[in-house]
Every structure is written in C-alpha cells, then in structure tokens.
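In: My questions are about this predicted structure, shown below with the sequence.
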Amino acid sequence: MKKNIAIIMGGYSSEVGISLKSGSVVYNHLNKDIYNPYCVHILKNKWVLVDENNTEFPINKHDFSANVNGNLVTFDCVFNAIHGAPGENGVILAYFDLIGLKHTSAPFYQMALTFNKRDTLSVVKEYNIPTAISIYLNKGDEINLDTIIKKVGLPCFIKPNNAGSSFGISKAHTKEDILPAIEKAYKEDSEILIESFLDGTEVSVGVIQYKGETKVLPITEIVSENDFFDYEAKYLGKSQEITPARLTEKQEQKVREIAKRVYEILNMRGFSRSEYILVNDEPHFLEMNTVPGLTEASILPQQANADGISLTDLFSNAIEMALNN
C-alpha cells in the first residue's frame, strides 16, 4: 500500500520562495508508484494542502490531516522542505513529535541547535573543531567598534544568528562599514554574529544518512563572483560551484573527516550541508544547514548526482530512513 507523504514547504521567514521551489522539486521527483505525495504550504496566515489545480484544503492542526473533497487524508511521513522557521529551527518538528508523526529531519532539538549559529559554534569548539574568531551581540547591547576590530580584525563578517540563504549578511571592510552592517543583520534577527575573515578556499559538504550509514557526499568548491557567497552568488548565478572540489588528496580527506565528525558531534540525522574554509589546509567550520536547497541546481543535489544518487533516490531514501527510524 502506498504511503501518504506530506511535503511541507513555505515557512515564516525570508526564505519562503526558495522553500516553495525546493518542495515542488521534491514533489515532482518522488516515485508516485511508491508514494502519494501532497504539497502542504505552511505559511504564517494558513496551513493548507494544495492540489495540482492549486485548490487549497485547510490542514487540521489537531492531527495534521486534511479533508479533500470529502475524503480524509492523513499522512505516514512528513518531508521537511521548509528553509528557516518553523522547519529548519525545529519548531514544527516538535509539533510532529507531539502528535506522533514521523519526519525526514533530525530531532527538533538538533534542528534548533544547528539553526542557531553561535550555539552550534560553541558546541563544536569544545571538540577542537577550528572556527573563525567571533563576537556575539544581542539587539540593545552596547556596540564598541574598537573592541570589535581588535578582536576579529578587518575585513569581518556580520550576520544574523538565526537566518539562512545569506539574508542579512554583510562583509565590512572598514570601521565605517560595521554599524550599517549590524543594522542590516538586526532586520533579520535580534541576535547577531561578527566573525573574522578567513582567507582561503571555501567548500560546501553534504553529509546525509543513506541506507543506514552516515555518508559524506562529494565536496563542492565555491568560487563567488561577488565579495562573498551572498544571496546573488547562491541563487542568481554569481558563483561557480565546482563538484568535485579542486582539492589535494590530503585536503579532501581532512574535510571529509571533519564534516562527518561535526555531523556526529551534533547528533544529526537526515540532510545536512556544512560550509568550511580551508586556511593553510585546515578546514574551519562556518555553519550547518539542515534543510539545504533541494532544486536540481542546488548544491546538495549536485553532490548526490556526482555520487551517482538521483533526486528520486535521494528523496526516497530520506523517507524510508524516517519511516524506519
């Protein structure tokens, strides 16, 4: 009997449009001989099942069911394609745990932890994983520019603590750049992170659970046409994403070892894509994305393809791993 799969997409953050694209790709590539996939839009003003005619049917939040033309639709599993809140930060996953509905992501606490950049850095630093030098600020904290520059140097990065897709991130080259960058970051989040600039090769590494094992996918090298890997570079073609990355055997081995170790340190399950910068052949951890982009052009699907894993296999595996967990 075919399993009913709710593909949740949308969300409450600036990433809603990207999430809707990811969710649609999952819907289009799921094997319809095995699954009955349904698109479910989770938006601030409504939770609705959306059929192929774009007709909307409200989701009953009591049990996450929907009445579709007189038929009650319930789900065997949820495929999480929400970038940002409430999917990537774990909030909706806690709800699914409460009602006993399985999902493709890590447990809600792991999702909440990894969505919080500074808390993630605090954990991995305890395991001697190299990172950038950083300063944390909450909205309303006193800002001392000289103290910031003394600690992290120039240039430096200012980024929201809880946000994705490079929204709100700036690279400050001068002292005068810092305050406007802080204000920009505060538009996305009340907590921000200021990090030292790491001069080296940037790579992105997908680590997933695949057929019961933790699998490190082929590494992608990021070469941005812009000053850094910002929104334009990620989504508007202003970068080269080279898979496999142009690394030496020693560099590749180090990145793969650290990426797998970080995944396991953080007790992850399901999808992840982490960013590293190699400085003197040493990978420095930047952050982890637990609901990475899932379109054909996105980095993790590129990596899976390079490893011989089709999108259909990638998505089916995530569901089967969730059902058997």
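Out: Arrived safely, thanks for sending.
In: Where does G308 sit: helix, strand or coil?
Out: Each residue gets one of three states, and G308 gets coil by DSSP: H, G, I helix; E, B strand; the rest coil.
In: What is the burial count for it?
Out: The number of residues packed around G308, counting by other C-beta atoms under 10 Å, is 8. Heads up, the C-betas are built off the backbone N, CA and C, glycines and all.
In: Please tell me how far it sits from I148.
Out: Using C-beta to C-beta, to the nearest Å, one obtains 46 Å as the distance from G308 to I148.
In: and K187, what does it touch?
Out: Residues in contact with K187, defined by C-beta atoms under 8 Å, 6 or more residues apart in numbering, are G168.
In: likewise S134?
Out: Residues near S134 by C-beta under 8 Å, 6+ apart: 118, 121, 152, 193-196.
In: between those, which is closest to P283?
Out: The shortest approach to P283 among the contacts of S134 belongs to L121, at 14.2 Å (C-beta to C-beta).
In: Give me the nearest residue to the closest one, chain neighbours excluded.
Out: For L121, the nearest residue in space outside its immediate sequence neighbours is T131; the separation is 5.4 Å by C-beta to C-beta, 6 or more residues apart in numbering.
In: what are the bridge partners for that neighbour, then?
Out: For T131, the beta-bridge partners under DSSP bridges are F285.
In: That one: neighbouring residues, count only.
Out: By the criterion of other C-beta under 10 Å, T131 has 19 neighbours.
In: just E296 next, same as before
Out: Per other C-beta under 10 Å, the neighbour tally for E296 reads 12.
In: before we move on, what about A112?
Out: When neighbours are counted by other C-beta under 10 Å, A112 comes out with 19.
In: ok, now the one 3 residues further on?
Out: For F115, the tally of surrounding residues (other C-beta under 10 Å) stands at 25.
In: ditto for the one 5 residues further on
Out: Applying the criterion other C-beta under 10 Å, we find 22 residues in the vicinity of T120.
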